[in-house]
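Visitor: can't give you the sequence, but here's the structure:
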């Protein structure tokens, strides 16, 4: 069963449990990655009371063609290593995607391993160049070109060939 709650509604024990899952799911999950997944909505899947999957959706500001968009950014999607390939990641994504009406656009940065999941759900690559609005101004992020995916919401007219710039944060900016 999947439930969705804001970070503020999660207790310390549940946050510790989520962090433990993320550490088990990723070899290189660090404190910056953890921070990126906080402050928004969390979708969690439990089986017999055990946490088996997680994802979060946090608000970020992005510039697209000079327009500031309110973006729901997907972070920290993980499934316990013993529970993979059972549809849990799709369940998490469906719960996060259901929150889409609150945003102008949904976006994420896909790993090679996660790409098939997102593409199967209709997520599309951003074709334009990426950058970050860094402390000293806009900075190109060419290593992220092609790895940013978006879910264009019904009725939205977003040109995926335009440059896109994300807000700055510590660690990986995308």
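Guide: Nice, I can see it. Remember, it's a predicted structure, so these values are computed and weren't measured experimentally.
Visitor: verify the stated contact: residue 3 with residue 44.
Guide: Yes: at 5.8 Å, residue 3 counts as touching residue 44 under the criterion of CB atoms under 8 Å. All C-beta spots, glycine's among them, are computed from the backbone N, C-alpha and C.
Visitor: these two: which has the busier surroundings?
Guide: A count of neighbours by other CB atoms under 10 Å puts residue 44 above the other of residue 3 and residue 44, at 23 against 10.
Visitor: if I look at that one, how far off is residue 132?
Guide: Between residue 44 and residue 132 the computed distance is 29 Å (CB to CB, to the nearest Å).
Visitor: swap in residue 35?
Guide: Noted for residue 35: a distance of 16 Å to residue 132, by CB to CB.
Visitor: comparing these two, which shows the higher neighbour count?
Guide: Each of residue 35 and residue 132 has its neighbours counted (other CB under 10 Å); residue 132 has more, 20 against 13.
Visitor: for the more buried one, name its beta-bridge partners.
Guide: residue 139, residue 166 (DSSP bridges).
Visitor: quick one: mean pLDDT for stretch 68-77?
Guide: Per-region confidence: stretch 68-77 scores 97 on mean pLDDT.
Visitor: residues touching it, excluding its own?
Guide: 18, 22, 33-34, 36-37, 40, 54-63, 89, 92-93, 96, 99-100, 102-108, 114 (CB atoms under 8 Å, 6 or more residues apart in numbering).
Visitor: so which of those sit within strands?
Guide: Of the contacts of stretch 68-77, the ones assigned to strands by DSSP state E are 54-63, 105-108.
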